[in-house]
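In: How does the following fold in three dimensions:
(one chain, ligands or ions: 2)
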Amino acid sequence: MKKPVKVVVTGAAGQIGYSLLFRIGAGDMLGMDQPVDLCMLERNTESSMKAAKGVKMELDDCAFPLLNSITSTPDLKKAFKDAQIALLVGARPRTKDMNRSDLLNANAQIFIEQGRAINNYADRNIKVLVVGNPANTNAYIARKCAPDINPKNFTAMMRLDHNRSLTQLAQKTGCKVTDIEKFCVWGNHGNTMYPDITNTLIAGKKAEDLIPTDWYLDYFIPTVASRGSAIIEARGHSSAASAANAAIDHIHDWVLGTGDKWQTMAVPSNGEYGIPEGLCFGMPVTCNNGDYEVVKGLELTDFEREHILQNVKALEAERAVVDELIAKA
Ligand SMILES: NC(=O)C1=CN([C@@H]2O[C@H](COP(=O)(O)OP(=O)(O)OC[C@H]3O[C@@H](n4cnc5c(N)ncnc54)[C@H](O)[C@@H]3O)[C@@H](O)[C@H]2O)C=CC1
Ligand SMILES: O=C([O-])CC(=O)C(=O)O
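Out: Ligands and ions are numbered 1, 2, ... in the order given. Predicted coordinates:
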């Protein structure tokens, strides 16, 4: 039997947490041979602690063979001590008529504190996935506040945008989601995100030859980019089960690998494709041996460049706001 891996989930009693924790317990994230020490971090309020207690009781009641231990705490040190994987979900969600970037001021402090706790207490090789919005900039904050950890280890979730796109493309072409290769969503998990089919193959054929340009431009790109709002409108709450599923996919692939198959992860830029260094940016990656690598050597079209630039601008604007907040904190 493998040694247990310590996984921290913040916002454990929230909507996403309620889907996520049970999938982790069932072995969907790290595999059926990987025991987990699960730590749930919640706010130190009576109602959050009570809700977390209830979720923990339910986890106990599942008798998941892979759950070696379950702890619930509001204490950052206890939660992040020796943590090997952190899913930073706990943050305020937006409501109707808000953009994700409107959450910056409300949520930045959470990621400043958690970044510092990761720096002080976590395993030096911790893998961090930020889900709480605005996810890319929150990942930037956490990374900046954890200078002793490899910056590469701070990622943000754009897998939900990737998965949403796969289904749209599959439904349009009558293919299966598994027929789609070399697709990615560039940029920010926000209004400007750019789902890109330039290199995409669907059942071995060029996607651009199968998909009408007007559908791609006028329906596909805006539908993917505004799917979060459409879910809020329909459900009255932001996506939860599909977000949890995407988080499971993101960590699963990062840890267990994708071979040469592309996935989308938002990762700190090293200047790839002209993206300013340090921005946490959705890019095509492959994962092998517990590490991810940005796909290299793509010749960008003018259309791709233009859309990547829009995302750079959006993320630079957010970065300017949070650099001030970090400096003051
Ligand atoms: N990146 C993505 O693709 C997606 C991101 N999201 C974002 O995920 C976040 C969570 O969404 P939900 O679970 O639906 O929200 P929720 O409101 O149901 O749950 C959030 C939980 O976080 C907890 N929390 C707040 N501050 C905390 C702190 N400092 N430490 C620990 N826990 C804390 C709250 O007590 C609450 O239980 C939101 O910011 C939402 O916008 C949601 C869907 C997709
Ligand atoms: O739209 C939201 O606020 C929640 C989210 O990030 C998504 O569903 O993509």
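In: Surely residue 284 forms part of a strand?
Out: Yes - with DSSP: H, G, I helix; E, B strand; the rest coil as the criterion, residue 284 is located in a strand.
In: Test my guess that it contacts residue 293.
Out: No - the criterion here is Cβ atoms under 8 Å, and residue 284 misses it with residue 293 at 9.9 Å. The way it works is simple: take the backbone N, C-alpha and C, and place the C-beta from them, glycine included.
In: Those two: who's more crowded?
Out: residue 284 (22 against 11; other Cβ atoms under 10 Å).
In: tell me the contacts of the closest residue to ligand 1 within the chain?
Out: In the chain, the residue that lies nearest ligand 1 is residue 14 (2.0 Å; Cβ to the nearest ligand atom). Residues in contact with residue 14, defined by Cβ atoms under 8 Å, 6 or more residues apart in numbering, are 89, 90.
In: Could you do residue 179 as well?
Out: By Cβ under 8 Å, 6+ apart, the neighbours of residue 179 are 170, 202, 203.
In: what's the answer for residue 105, then?
Out: 321, 325.
In: what about it, which SS state?
Out: Applying three-state DSSP: residue 105 is helix.
In: Distance-wise, check it relative to residue 324.
Out: 11 Å (Cβ to Cβ, to the nearest Å).
In: cool, and residue 136?
Out: On the measure of Cβ to Cβ, residue 136 and residue 324 end up 17 Å apart.
In: Look at these two and report which has more neighbours.
Out: With neighbours defined as other Cβ under 10 Å, residue 136 and residue 324 compare such that residue 136 has more, 32 against 11.
In: Please, which helix or strand holds the more buried one?
Out: According to DSSP states H and E, residue 136 maps onto helix 135-144.
In: name the helices or strands packed onto that helix?
Out: helix 104-121, strand 127-130, strand 154-156, strand 263-268, strand 280-288, helix 302-328 (3 or more Cβ pairs under 8 Å, 6 or more residues apart in numbering; DSSP states H and E).
In: Out of those, the one nearest ligand 2 is which?
Out: Using Cβ to the nearest ligand atom, these put strand 154-156 closest to ligand 2, at 10.6 Å.
In: pLDDT score assigned to the residue lying closest to residue 249 once chain neighbours are set aside?
Out: With sequence-adjacent residues excluded and distances taken as Cβ to Cβ, 6 or more residues apart in numbering, residue 249 is closest to residue 159, at 5.2 Å. pLDDT recorded at residue 159 is 99.
In: now residue 229
Out: In this model, residue 229 carries a pLDDT of 97.
In: Can you verify it is assigned to a strand?
Out: No - under the criterion used here (three-state DSSP), residue 229 is helix, not part of a strand.
In: check contacts around it.
Out: Here residue 229 is in contact with residue 96 (Cβ under 8 Å, 6+ apart).
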